[in-house]
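Student: I would like the atomic coordinates for the input below:
(one chain, ligands or ions: 2)
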Amino acid sequence: MNKKTLYLECYSGISGDMTVAALLDLGASQDVLMAGLNSLHVEGYKIKIGRRIKSSIDACDFDVILDQNGHSHMDDEHSHDHNHNGEHDHGHEYTHIQNHDHDHNHTPIQLGQHDHRNLYDINTIIDNSDISKKAKEIAKKTFHIVAVAEAKAHGKSIEEVHFHEVGAIDSIVDIVAAAICLDNLGIEEVIVSELYEGTGHIKCQHGILPVPVPAVANIAAEHHIPLHITSVKGELVTPTGAAIVAAIRTKDSLPKDFRIHRIGLGAGKREYEQASILRAMLIEDITVNSGNTINDKVWVLEANIDDCSGEALSFTMDLLLEKGAKDVYYTPIYMKKNRPAYMLGVICDEEKLSLLEEIIFTHTTTIGIRKHEDTRTTLGREVRKVATPYGDALVKVCTYNQNTFYYPEYESVKKICLEYNKDYNSIYQLIQKIALEL
Ligand SMILES: O=C([S-])c1cc(C(=O)S)c[n+]([C@@H]2O[C@H](COP(=O)(O)O)[C@@H](O)[C@H]2O)c1
Ligand code: NI
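Tutor: Ligands and ions are numbered 1, 2, ... in the order given. Predicted structure coming up:
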């Protein structure tokens, strides 16, 4: 597989909670997320993860529910995705409410509407948590982007910016949760579509602001994020959503051809005419380069083995291939202490690594495996079925520059030879000739 690439399709805008929901739906671990959030030692909220139907589409819903003494900045002042006026689907039982269990060595932090914290305070909360180094980096970068945009909007320095709305509990949770999920999914590359934004005005703490709100406009300008203004009345892109995009985006455009490995849908909280959904996809670039080559990555496992029976080595090879290795090979080698031995080589995708390592350790005598990721160039190919006088046969068709090569599949040739008692070469050439004429 190529780099693990996330594509965020923001055709209904983006907010912090939509991002977290989409990443959870994509497979980020709820347990890792909850453990990470608990380690912030911020009190006064519960997390609800469930399903929500948006325009008949089932999506994941991530909600930060503030305790009575907490106060959501969105509850009573203005309307956007945090308003709880969307339709909940009680038909899908996937609701999880977790109370935060605090480690008593830490003093829980209570944040409410009237706490004014600056970037330094927020960074300290993040630094003192147990979330991964990468998640900390992403979360702090996102907050820094929000701070710069707010400072510009209000004519202050970033040290002077005090996070009230943006620093309240749900913003901390949304930003840190998005960072934890991204890291948990092992995302290496992020492509983001243009951000679809609404129009008109919204009411917030500052009064009535134009959409895009100043913080969003500043982030889009500073980070060259393309906006597309729709006729939707309201705010589709929040400062938190725009800041997450600015912090994680690594590429502007989608590859020409890609394969979708997984899809995650994150629900917005408002109802619009179009489905208020953030769609996240794990994709693989399968664009064919000039000359018709494809570049991708594979893992290579190697072990030098000098004390294992040929039977065990053969058994291991069969099992490795059966369990998804792309190729397995033995190379005769001459090892330390004058030992004739074999080097086992395995080529595989990243997701097969642990399974294949387990097979090698279980069925051979090796006590160590070398492994490295390698880049690969392959020719674009397709497998075609051709009709022969002896029945159908499969042929691999590869092209390189202007040349096309036809390679009959071994299993097809073998089948015909055995069934009709023919010699290998003549059947191979016959299938190749028929494919070429087609
Ligand atoms: O709290 C502040 S300073 C604030 C600034 C701005 C500016 O554009 S300046 C906008 N808002 C609005 O508050 C909510 C919360 O957004 P989140 O990103 O925290 O979800 C949203 O409607 C913003 O437009 C607040
Ligand atoms: Ni502001």
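
Student: the strands in the stretch 151-300 of the chain, which residues?
Tutor: Taking DSSP state E, counting those that start in this stretch, the strands of the stretch 151-300 of the chain run over residues 162-163, 189-192, 195-199, 201-204, 207-210, 227-233, 258-267, 277-285, 293-305.

Student: right, so of those, which gets closest to ligand 1?
Tutor: Of all these, the one in closest proximity to ligand 1, counting by Cβ to the nearest ligand atom, is strand 201-204 (4.1 Å). From N, CA and C alone the C-beta is placed, and that goes for glycine too.

Student: Return the list of helices and strands in contact with that closest one.
Tutor: On a contact count with 3 or more Cβ pairs under 8 Å, 6 or more residues apart in numbering; DSSP states H and E, strand 201-204 meets strand 207-210.

Student: Check which residues of the strand it packs on are buried.
Tutor: Neighbour-count burial for strand 207-210, with 16 or more other Cβ atoms under 10 Å as criterion, is recorded at L209.

Student: Check which strands are paired with it and give the direction for each one.
Tutor: strand 201-204 (antiparallel) (DSSP bridges).

Student: Any residue of the strand it pairs with touching ligand 1?
Tutor: Yes. Judged by Cβ under 6 Å from any ligand atom, strand 201-204 and ligand 1 are in contact via I202, C204.

Student: hey, C-alpha coordinates of that strand in CSV?
Tutor: Output of strand 201-204 as CSV, limited to C-alpha atoms (Å, rounded to 0.1, in the frame of the first residue of the first chain):
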residue,chain,number,x,y,z
HIS,A,201,-24.6,36.0,9.5
ILE,A,202,-24.4,34.1,12.8
LYS,A,203,-24.9,35.3,16.3
CYS,A,204,-22.1,34.5,18.7
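
Student: okay, the strands of the stretch 151-300 of the chain in JSON lines with distance to L320 and mean pLDDT next?
Tutor: Formatted as JSON lines, the strands of the stretch 151-300 of the chain follow (distance: least, Cβ to Cβ, whole Å; pLDDT from 0 to 100):
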{"stretch": "strand 162-163", "distance to L320": "53", "mean pLDDT": "72"}
{"stretch": "strand 189-192", "distance to L320": "29", "mean pLDDT": "96"}
{"stretch": "strand 195-199", "distance to L320": "45", "mean pLDDT": "96"}
{"stretch": "strand 201-204", "distance to L320": "58", "mean pLDDT": "92"}
{"stretch": "strand 207-210", "distance to L320": "60", "mean pLDDT": "94"}
{"stretch": "strand 227-233", "distance to L320": "49", "mean pLDDT": "95"}
{"stretch": "strand 258-267", "distance to L320": "23", "mean pLDDT": "95"}
{"stretch": "strand 277-285", "distance to L320": "23", "mean pLDDT": "95"}
{"stretch": "strand 293-305", "distance to L320": "9", "mean pLDDT": "92"}
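
Student: tell me the most buried of the ones you listed?
Tutor: Neighbour counts (mean count of other Cβ atoms under 10 Å) averaged over each of these peak at strand 277-285, with a mean of 23.

Student: What is that one packed up against?
Tutor: Partner elements for strand 277-285 (3+ Cβ pairs under 8 Å, 6+ apart): strand 5-9, helix 16-25, strand 258-267.

Student: Give the buried residues for the longest helix along the chain.
Tutor: Secondary structure of the chain per DSSP state H: the longest helix is helix 133-154. Neighbour-count burial for helix 133-154 flags 135-136, 138-153 (criterion: 16+ other Cβ under 10 Å).

Student: Is ligand 1 within reach of that helix?
Tutor: Yes. Using Cβ under 6 Å from any ligand atom, helix 133-154 reaches ligand 1 at E150, A153.

Student: Which other helices and strands does that helix contact?
Tutor: Packing partners of helix 133-154 (3+ Cβ pairs under 8 Å, 6+ apart): helix 119-127, strand 162-163, helix 169-184, helix 214-222, helix 239-248.

Student: Helix or strand: which one has D63?
Tutor: Remark: D63 resides in strand 57-66, with elements defined by DSSP states H and E.

Student: So which residues make contact with the helix or strand that contains I431?
Tutor: According to DSSP H and E, I431 maps onto helix 424-437. The contact list for helix 424-437 (Cβ atoms under 8 Å, 6 or more residues apart in numbering) reads 384, 386-388, 390, 393, 395, 397, 406-408, 412-414, 416-417.

Student: Flag every buried residue along that helix.
Tutor: For helix 424-437, burial by neighbour count (16+ other Cβ under 10 Å) applies to I427, Y428, L430, I431, Q432, I434, A435.

Student: which one of those residues is nearest ligand 1?
Tutor: Ranked by distance to ligand 1 (Cβ to the nearest ligand atom), the buried residues of helix 424-437 are led by A435 at 58.4 Å.

Student: confidence score at that closest one?
Tutor: Among the per-residue scores, A435 holds a pLDDT of 95.

Student: before we move on, what about Q113?
Tutor: At Q113, the model reports a pLDDT of 43.

Student: picking up where we left off before, distance to K422 for the strands of the stretch 151-300 of the chain - can I get that in TSV?
Tutor: As requested, these are exported to TSV (distance: least, Cβ to Cβ, whole Å):
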stretch	distance to K422
strand 162-163	78
strand 189-192	50
strand 195-199	62
strand 201-204	76
strand 207-210	78
strand 227-233	62
strand 258-267	38
strand 277-285	40
strand 293-305	35
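
Student: Tabulate the helices and strands packed on strand 277-285 (TSV), appending distance to E373.
Tutor: Conversion of the helices and strands packed on strand 277-285 to TSV gives the following (distance: least, Cβ to Cβ, whole Å):
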stretch	distance to E373
strand 5-9	15
helix 16-25	24
strand 258-267	18
